[in-house]
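Undergrad: For reference, the sequence and a predicted model appear below.
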Amino acid sequence: MKILIAAGGTGGHLFPGVALAESFVKRDGISVLFVGTMRGLETKLLPPLGWKLLLLPAVSLKDRHGIKKITSYARLPLLLFRAFCLVMFEKPSRVVSIGGYAAGPVTLVASLLRIPTVLLEPNAIPGLTTRLLARWVSLICLGLPEAARALPQKKVMLTGTPVRKSILGVRSKSSKEKVKPFTVLCFGGSQGAQKINRAVLEALPHLQELTSSLRFIHQIGTQEKRERVKQVYTERGFEASVFEFIGAMEKVYEEADLVIARAGAMTIAELTIATLPSILIPYPYSADDHQRANAESLVRIGGATMILEAELTGERLANEIKKLTEDSRHLLSMSQALLKRRQPDAAERIVNECLNVK
């Protein structure tokens, strides 16, 4: 049996795809093939991991105007024909769509050819591809319960979002004996987030009384100078480990007591699996403001707090950090709330549903 996974663009689409692929190939007689485009991270991420990747042209219809929109629509017939040829040649038994530029045409073609198709929607607000394809697919698996509101109820199932194997093994400090100092992990995705970086550094003067009990691990991205950021921490008297990029997130998750981060789908999924309390700062320009909805999903169950970027200042962030460092019972209750939402078997559940769907 061959499984075709259409995923690409960002880590939020690719990492769940990899987690699913790993679960699929554990089963006898199943092979996995990815379909993406040259436009996303898939060409850099998937081949080094040993996954076969086929490419389609990238065509975006969202947020385009004028001649660009006309050009995009003009390219659609050729894209659909290429997707048709790919599906006919590969003859997959199932198609799993997780998002990215290739997901829409491949999933639509597979549905029209009566190949069982499954969508995975990891965000609280379904993306454009999910909304357009909802009527055509066999099943829609949800990472967050709020997404069900915008989708056909008879097709949705709450499974959680698959995460990497390494993340599944994380034991947060809330589940172990506490080790001082209190550690705050800050990151804004693989590229960093300059506004979060700035706010964290501006918070330090308001945290001066905590220099001996507070430690930072900070992923700053590639647009900041590591030496300059490290110097600010040193001048303010704080212990800090500063990185442009952290590959082994599982290691820093295990060291952290609190996370300051954006609210992308994979961040939400990984924080939930690791049961890590967080201060979430949603990216305000995400499609349909889905990051805010993702953050609100955790805030609603008591697993996180949220600061909107428009309200973000160093002082406001410092006050939130102080509240949580001084209230261990609140931190524990946040971890326990996430534990109730945690679904470590998400990948296996989705694989089972894919194999059973007709």
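TA: Structure's in. What do you need?
Undergrad: burial of the closest residue to Leu201 other than its chain neighbours, as a residue count?
TA: The shortest distance from Leu201 to any residue that is not its chain neighbour, by C-beta to C-beta, 6 or more residues apart in numbering, is 5.1 Å, and that residue is Val232. C-betas here are computed from N, CA, C, even on glycine. When neighbours are defined as other C-beta atoms under 10 Å, Val232 has 16 of them.
Undergrad: hang on, Val232 in a helix?
TA: Yes - the assignment for Val232 is a helix, going by DSSP: H, G, I helix; E, B strand; the rest coil.
Undergrad: Does it touch Glu202 like I think?
TA: No - applying C-beta atoms under 8 Å, one finds Val232 not in contact with Glu202, separated by 9.5 Å.
Undergrad: What about Val118, how many residues nearby?
TA: Applying the criterion other C-beta under 10 Å, we find 26 residues in the vicinity of Val118.
Undergrad: all strands of the stretch 51-200 of the chain, in order?
TA: In the stretch 51-200 of the chain, the segments counted as strands under DSSP state E, counting those that start in this stretch are 53-55, 94-99, 117-121, 139-142, 156-158, 182-186.
Undergrad: which stretch among those comes nearest Val25?
TA: For Val25, the closest of the strands of the stretch 51-200 of the chain is strand 94-99, at 13.2 Å, according to C-beta to C-beta.
Undergrad: Pairing partners for that closest one, with directions?
TA: Strand 94-99 has the following sheet partners, assigned by DSSP bridges: strand 2-7 (parallel), strand 117-121 (parallel).
Undergrad: got the contact list for that strand?
TA: Contacts to strand 94-99, defined as C-beta atoms under 8 Å, 6 or more residues apart in numbering, come from residues 1, 3-9, 12-14, 16-17, 20, 87, 103-104, 106-107, 110, 115-120, 122, 127, 129-130, 133, 137, 350, 354-355, 357.
Undergrad: how does it look with 7 Å?
TA: For strand 94-99, contacts defined as C-beta atoms under 7 Å, 6 or more residues apart in numbering pick out 3-7, 9, 13, 16-17, 20, 103, 106-107, 110, 115-120, 127, 129, 133, 354.
Undergrad: Buried among those residues? Make that a ChimeraX selection.
TA: The buried residues among the contacts of strand 94-99 can be selected in ChimeraX (16 or more other C-beta atoms under 10 Å) with this line:
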select :3,4,5,6,7,9,13,16,17,20,103,106,107,110,115,116,117,118,119,120,127,129,133,354
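Undergrad: Let me know the pLDDT of the residue nearest to Cys141 when sequence neighbours are not counted.
TA: Spatially, and ignoring its direct neighbours in sequence, Cys141 is nearest to Thr159 (4.4 Å; C-beta to C-beta, 6+ apart). In the prediction, the pLDDT value recorded for Thr159 is 97.
Undergrad: domain assignment for the protein?
TA: 2-160+344-356, 167-341 (automatic domain parsing).
Undergrad: sorry, back to before: compute the distance between the residue nearest to Leu201 and His218, please.
TA: Relative to His218, Val232 is positioned 10 Å away (C-beta to C-beta, to the nearest Å).
Undergrad: swap in Pro122?
TA: For Pro122, the distance to His218 (C-beta to C-beta) stands at 26 Å.
Undergrad: Comparing the two, which residue is more hemmed in?
TA: Counted by other C-beta under 10 Å, Pro122 and His218 do not tie: Pro122 has more neighbours, with 29 against 26.
Undergrad: OK, contacts around the more buried one?
TA: Counting by C-beta under 7 Å, 6+ apart, Pro122 touches Gly12, Pro16, Gly143, Thr161, Ala265, Ala269.
Undergrad: most surrounded residue in those?
TA: Neighbours here mean other C-beta under 10 Å. Within the contacts of Pro122, the largest count is held by Pro16, at 30 neighbours.
Undergrad: isn't that residue right up against Leu120?
TA: Yes - distance between Pro16 and Leu120: 6.1 Å, which falls inside the contact criterion (C-beta atoms under 7 Å).
Undergrad: By mean pLDDT, point me to the weakest helix or strand of the chain.
TA: Among the secondary structure pieces of the chain, namely its helices and strands, helix 66-90 has the lowest mean (mean pLDDT, DSSP states H and E), a mean of 79.
Undergrad: Count the residues that sit near the residue lying closest to Met38 once chain neighbours are set aside.
TA: Closest residue to Met38 in three dimensions, ignoring its sequence neighbours and counting by C-beta to C-beta, 6+ apart: Leu55, at 5.8 Å. Taking other C-beta under 10 Å as the neighbour definition, Leu55 ends up with a count of 17.
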